[in-house]
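**Student:** here you go, sequence then predicted model.
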Amino acid sequence: MRNGLVTFTVAESKRLIAKGVSKLPQVENALTHGTVIIAGGTTNGYIAEVLTGKVLDKVRYTAGINCGGRCCITPADTRLRPLVLQKGEVSDQTWEEALPNLGKGDLFIKGANALDLQGNIGILLGSPSGGTIGKALGTLAAKGIELIAPVGLEKLIPSVPDASRMLGIQRLDVSYGLACGIQIVSGATVITEATALSMLTGCKVTPAAAGGVGDSAGSTTLVFSGTQATFQQALHIIDEVKGEPPLVDNTRDCPCDNPCRTGGAAIIP
């Protein structure tokens, strides 16, 4: 067995996760026979690139975003519409139009803002009506549509349920950034950079450390081990994602109609 250590920046992790998601058997099947909805999100922007083969401005492929030390939203007038793929081709349908028609074998891909060791994911809700996941979750649960959740290990927290008991737009008196609630989702197929590297290579992958400074802020450090063949495959995959350029700030200009301590009112009405 051979052992290695690697640190992935946030952007490198997103690229690796996208590679992993694209190789899931259920994704390959849905691309051939069914429908895949790729909801908004920066990690999903990478997934959309891999699945369509087209380069996207990934910071525009999201509504909610955490930039500049605050939760915020992207400018609506430059935001990219989430993609719907039908048998691998980009559809003219919006995701809201495609959602009611999802059936067996179809997929909904939605990133997350939090992950805990019980496999719960948390999705921040800046919209009082619950945003994308608020519109989609009931249909997905009722029909049994698989939700794939690509999420980096830098988002690991002790407990998503504990966070949900504290968060809520109307529970907050002050918010340094957009006030949010959080949606707990259990039972999703969670794909992290560790999951992706293991799946793509056959290596055993163990999270070892996290964090850094500069370009390594939010980074994840992994230990990987495998046979000569799987180890070499891991090196190949790592080399493919290394050097992925960081994403840039794409928050809405202040002031806006979402009051926060950073850009507007200190008190949430």
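**Tutor:** Received it, and whenever you're ready, just let me know what you need.

**Student:** how about the spatially closest residue to Ser219 that is not a sequence neighbour, phi and psi?
**Tutor:** Distances taken as Cβ to Cβ, 6 or more residues apart in numbering put Gly212 closest to Ser219, at 4.5 Å, once the chain neighbours are dropped. All C-beta spots, glycine's among them, are computed from the backbone N, C-alpha and C. Main-chain dihedrals, Gly212, degrees, to the nearest 10: phi 170, psi -170.

**Student:** quick one: contacts for Gly212?
**Tutor:** By Cβ atoms under 8 Å, 6 or more residues apart in numbering, the contact list for Gly212 reads Thr7, Gly218, Ser219.

**Student:** between those, which is nearest Leu80?
**Tutor:** Of all those, Leu80 sits closest to Gly218, with 23.0 Å by Cβ to Cβ.

**Student:** tell me the contacts of the residue most central in space within the chain?
**Tutor:** Central residue check for the chain by Cα atoms, centre = their mean: the C-alpha nearest the mean position is that of Gly111, 2.8 Å away. Contacts for Gly111 (Cβ under 8 Å, 6+ apart) come out as Ala39, Gly41, Thr42, Thr43, Asn44, Ile123, Ala149, Pro150, Val151.

**Student:** now, which of those lie within strands?
**Tutor:** If you go by DSSP state E, the contacts of Gly111 have Ile123, Ala149, Pro150 in strands.

**Student:** can you redo those as TSV with distance to Lys135 and pLDDT?
**Tutor:** Shown next, in TSV, are those (distance: Cβ to Cβ, whole Å; pLDDT from 0 to 100):
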residue	distance to Lys135	pLDDT
Ile123	12	98
Ala149	16	99
Pro150	19	99
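
**Student:** from these, which single one is nearest Val55?
**Tutor:** Using Cβ to Cβ, the ones in strands among the contacts of Gly111 come closest to Val55 at Pro150, 18.4 Å.

**Student:** just list whatever residues bridge to that closest one.
**Tutor:** Ile191 (DSSP bridges).

**Student:** that one: how many residues sit nearby?
**Tutor:** Counted with other Cβ atoms under 10 Å, the neighbours of Pro150 add up to 29.

**Student:** same question, the one 4 residues further on
**Tutor:** As a burial measure, the neighbour count of Glu154 was computed by other Cβ under 10 Å and equals 18.

**Student:** same check on Ser91?
**Tutor:** Residues within reach of Ser91, counting by other Cβ under 10 Å, total 16.

**Student:** the closest residue to Leu85 other than its chain neighbours is in what secondary structure piece?
**Tutor:** In space, and not counting its chain neighbours, Leu85 is closest to Val36: 4.4 Å by Cβ to Cβ, 6+ apart. Val36 belongs to strand 35-38 when assigned by DSSP states H and E.

**Student:** that older thread, Asn66: which of the contacts of Gly111 is nearest?
**Tutor:** Comparing the contacts of Gly111 against Asn66 with Cβ to Cβ places Thr42 closest, at 9.5 Å.
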